[in-house]
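Participant: the sequence and its predicted three-dimensional model are supplied below.
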Amino acid sequence: MLSLVMAALTAACAYSSPPAPPQKLAGVLTLKGNAPHTYPVLRTDDDHLWQLRGLDKSDASRLQQRRILVEGQPASHQGASLLPVFEVERYRIIAPDAGQSQDAAGQTPP
């Protein structure tokens, strides 16, 4: 009986759930903090603040005060800013002439 329970528990532990699909957030990117220790923050359309991780500093500077759409996952911890952290996998500028999306490294996916 005990071996049957152990086998069931082992099988349950071996199952790993598939990765969650990316979430999307839209809003205006700003830089907070003092140079050289700035960090990107997204103010979403519903007025929530998220510290963004995964954006290159030069991309964050270039995107400052722009409306963007980011895709990724919320992190399980807060950042040093005490804001919730969003791990960016890709982003794009939201504008009438918006181009292709880019990943966090600034690369256009195939």
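Facilitator: Everything's here; your move. Because the structure is predicted, anything quoted here is derived from the model rather than measured.

Participant: the strand or helix carrying residue 51 pairs with which strands?
Facilitator: Here residue 51 sits within strand 49-53, counting by DSSP states H and E. Sheet pairing of strand 49-53 (DSSP bridges) gives strand 39-44 (antiparallel), strand 84-93 (parallel).

Participant: can you show me the helices along this protein?
Facilitator: Per DSSP state H, the chain carries helices over the ranges 2-14, 57-63.

Participant: tell me which strands and helices the last one is in contact with?
Facilitator: Translated: helix 57-63. Packing contacts for helix 57-63, counted by 3 or more C-beta pairs under 8 Å, 6 or more residues apart in numbering; DSSP states H and E, involve strand 23-32, strand 39-44, strand 84-93. From N, CA and C alone the C-beta is placed, and that goes for glycine too.

Participant: what's in contact with the first one?
Facilitator: Where contact means C-beta atoms under 8 Å, 6 or more residues apart in numbering, the residues beyond strand 23-32 that reach it are 38-45, 50, 52, 60-61, 63-74, 81, 86, 94.

Participant: try it again at 7 Å.
Facilitator: Strand 23-32 is contacted from outside by 38-45, 50, 60-61, 63-74, 81, 86, 94, using C-beta atoms under 7 Å, 6 or more residues apart in numbering.

Participant: which strand residues bridge residue 28?
Facilitator: residue 43, residue 67.
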